[in-house]
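Engineer: here's a sequence, model it:
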Amino acid sequence: MFTYQQAFDLAASSPETFWKQQAEQLDWFTFPQTILSTDEHGIERWFADGELNTAHLALDYHVEQGRGDQTALIYDSPVTGKKARYTYRVLRDQVARVAGMLAGLGVQKGDRVVIYMPMIPQAAMAMLACARLGAIHSVVFGGFAPHELAVRIEDAEPKVLLTASCGVEVNKVIPYKPLVDKAVMDSRWKPEHVVVFQRRECPAELPHDRDKDWAALMQNAEPHPCVPVRATDPLYILYTSGTTGKPKGVVRDNGGHAVALHYSMHTIYNLKPGDVFWAASDVGWVVGHSYIVYAPLIYGCTTILYEGKPVKTPDPGAFWRVCDEYGVKALFSAPTAFRAIKKEDPNGEQLKHYPMEPLTTIFMAGERLDPPTLEWVQNHTQRPVVDHWWQTETGWAIAANPLGLERFATKPGSATKPVPGYKVQVLNELGEAQAPGEQGYIAIARPLPPGCLPTVWRNHDRFESGYLGQFPGFYVSGDGGYMDEEGYLFVMGRMDDVINVAGHRLSTGEMEEIVGSHEAVAECAVVGVHDELKGQLPLGLVVLKDGYVSENGSIERALLQLVRDQVGAVACFKRAIIVDRLPKTRSGKILRRVIRQIADGEQYVVPSTIDDPSALEELARVLE
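Structural biologist: Modelled structure (predicted):
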């Protein structure tokens, strides 16, 4: 067993040796002889001459090893009242038939399939069925607006689109078929077939020749075997927001993805095959791809697919109930979920009902983990909280507390240390390494480890210019931060969240920490807004915990004083506005850039990922 430093040093000095050892843990059809090479664009690629199949690794392999009766997938849907369990054998057989259904519609290796579905087992089956065929799936978050779905259809050019008749949320049902029909009508590319899984909450009419009924097709579907693919063949395309407004199709390959995710399950999450792992996310996001569907199943764990929310389905004890009921060993979600729980249950009363004895660790990622949320979760659950940092582009953690190697002391605000395989550096504008404690651009020296994106779908120039062009030899994350003397990485937020107040570079993330530490604050956002005199000034937007009221501006004044006391008058933090809610993406990220544009009176585009557009309208009225 490696120590952290041994693993890190070997991965840095001899990446081919290190990643060959990790690749040997998987069941390849043809083991790669070439571990690291470069493609026609000069981009490093992993395991180029290896052959495998991701669905085989996630399902068939475990059945062949005699573990077919172990639970692979648990479905829990508080919004519909349904629960189900699928063993590895049952899930394999279902996925093989879905693959046969797709093959019957003409889907072959390399074809694209768009999946526009809610959090139901069929969504995961569809992803794995595409992997089984060697087809490339592109999951679009169920309920996305037709225009955004149309943009993704045009870019991916799918042969088939898989959907469900509806999504079910708290006190509402969202029909999907009209959204899909509008998207297909608006798109220049038309899928040959639209397959609809009918849900009893809102069955869909199927008026078009292209429309097919999922259940009817499945009746005649023959199980399809796993199709061997090269390690460098794409497994999926996942669209992420870009600075131009046009989504970027992040490409994930099969081989590097499988090796990296398998490695992460022990190294980062400290799990063993058979453990229950719950990533409380959505399959529409990278967390859902990596840690609801692929990593737990490739590693042989039991994974949970949850169709609900952290609150209101039915109460803020929802997460604790799921952990307790299914014996979850590791829980992974975004800080925003825990802030929602804290807001509705500030004293953690719901935790008293659920002992959660198997739960050892709570992991958070997706946005900066503010120290007040970290402390609240640790104090009330009495479990260690691990903050780790990664991106859609990397597919797995760049920095984490590597519990499977050794457990480091946590530092609030830090994602701990770079994971073996990631050579993280903090650079200044000239590309020079910053001293410990000095903020700059967080970059990763090439080669990137397995699992990271090798390109942007059908737009390699955008990949090179957006990620590799700023500092030759480095991938630029777009985030800023610093490393301390002990090598701990502190991610302070996007570089455009660093504001310049009268020549002083200040972190809005640091101010958010301070504002969030006030006992009345449930969550907050601090953004820099234009000022004629000082260049930028910080603006704080604050959501209060239930039961707190600001008497005559008392809380606002207290927050201004807090920042003055801890940052100094140089921060010029003079505006804190209490709001009912903050505009967010569906994955819980606060839309700081759009908030800044509204505050500056600029034109702004409502992002495709927004959870509730009315939140922006409310904010615009407040900031008028």
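Engineer: quick check on P121: phi, psi?
Structural biologist: The phi/psi pair for P121 (degrees, to the nearest 10) reads phi -60, psi -30.
Engineer: walk me through the domains of this protein.
Structural biologist: 4-308+388-481, 502-623 (automatic domain parsing).
Engineer: what's the mean pLDDT across the last one?
Structural biologist: The predicted model gives domain 502-623 an average pLDDT of 89.
Engineer: tell me how far that domain is from the chain's mean position?
Structural biologist: Distance, stretch centre to chain centre, for domain 502-623: 24 Å (CA atoms, centre = their mean, to the nearest Å).
Engineer: and if you look at the longest one?
Structural biologist: The gap between the average C-alpha position of domain 4-308+388-481 and the chain average comes to 10 Å, counting by CA atoms, centre = their mean.
Engineer: measure it end to end?
Structural biologist: Using CA to CA, to the nearest Å, the end-to-end distance of domain 4-308+388-481 comes out at 22 Å.
Engineer: pLDDT on that domain, on average?
Structural biologist: If you average the pLDDT over domain 4-308+388-481, you get 96.
Engineer: the residue sitting furthest away from the middle of the chain: what secondary structure?
Structural biologist: Distance from the C-alpha centroid of the chain peaks at N552, with 40.2 Å (CA atoms, centre = their mean). State at N552, reduced to three classes by DSSP: H, G, I helix; E, B strand; the rest coil: helix.
Engineer: show me the contacts for it.
Structural biologist: By CB atoms under 8 Å, 6 or more residues apart in numbering, the contact list for N552 is empty. C-beta here means a position set from N, CA and C on the backbone, and glycine is covered the same way.
Engineer: got the contact list for F408?
Structural biologist: If you count contacts by CB under 8 Å, 6+ apart, F408 has them with Y4, N401, P402, T416, K417, Y488.
Engineer: how about V521?
Structural biologist: Counting by CB under 8 Å, 6+ apart, V521 has contacts P372, V515, V542, V543, L544, K545, L559.
Engineer: ok, 10 Å please
Structural biologist: The neighbourhood of V521, defined by CB atoms under 10 Å, 6 or more residues apart in numbering, consists of 339, 342-343, 370, 372, 512, 514-515, 540, 542-545, 548, 555, 558-559, 562, 576, 578.
Engineer: please apply the same query to P418.
Structural biologist: Taking CB under 10 Å, 6+ apart, we find P418 in contact with 4, 8, 11-12, 389, 397-400, 402, 424-425, 442, 444, 483, 487-489.
Engineer: also A569?
Structural biologist: So A569 contacts V563 (CB under 10 Å, 6+ apart).
Engineer: ok, N254 next?
Structural biologist: 47, 50-55, 57, 131, 134, 136, 228-236.
Engineer: hmm, back to that, turn the domains of the chain into a markdown table, columns for distance to S333.
Structural biologist: Shown next, in a markdown table, are the domains of the chain (distance: least, CB to CB, whole Å):
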| stretch | distance to S333 |
| --- | --- |
| domain 4-308+388-481 | 4 |
| domain 502-623 | 9 |
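Engineer: and those, which is most packed in?
Structural biologist: Among the domains of the chain, the stretch with the highest mean neighbour count (mean count of other CB atoms under 10 Å) is domain 4-308+388-481, at a mean of 20.
Engineer: and the strands in the stretch 51-200 of the chain?
Structural biologist: Counting by DSSP state E, counting those that start in this stretch, the stretch 51-200 of the chain has strands at residues 51-52, 71-77, 82-87, 112-116, 136-139, 160-164, 166-169, 172-175, 193-197.
Engineer: nearest to R458, out of those?
Structural biologist: Evaluated over the strands of the stretch 51-200 of the chain, closeness to R458 peaks at strand 112-116, with 10.8 Å, by CB to CB.
Engineer: list the neighbouring strands of the closest one plus their orientation.
Structural biologist: strand 136-139 (parallel), strand 160-164 (parallel) (DSSP bridges).
Engineer: export the ones you listed as TSV, with columns for distance to F474.
Structural biologist: Formatted as TSV, the strands paired with strand 112-116 follow (distance: least, CB to CB, whole Å):
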stretch	distance to F474
strand 136-139	28
strand 160-164	38
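Engineer: out of these, flag the one nearest A522.
Structural biologist: Closest among the strands paired with strand 112-116, using CB to CB: strand 136-139, at 30.7 Å.
Engineer: export the closest one as PDB, just CAs?
Structural biologist: The C-alpha coordinates for strand 136-139 follow below in PDB (Å, rounded to 0.1, in the frame of the first residue of the first chain):
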ATOM      1  CA  ILE A 136     -21.900   7.700 -27.200                       C
ATOM      2  CA  HIS A 137     -24.600   9.100 -24.900                       C
ATOM      3  CA  SER A 138     -25.300  12.700 -24.100                       C
ATOM      4  CA  VAL A 139     -27.400  13.200 -21.000                       C
END
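Engineer: please renumber so the chain begins at 11
Structural biologist: All right, first residue 11 from here; so that's strand 146-149.
Engineer: ok, the closest residue to D79 other than its chain neighbours to E416 distance?
Structural biologist: Of all residues not flanking D79 in the chain, T97 sits nearest, at 5.3 Å (CB to CB, 6 or more residues apart in numbering). To E416, T97 is 34 Å away according to CB to CB, to the nearest Å.
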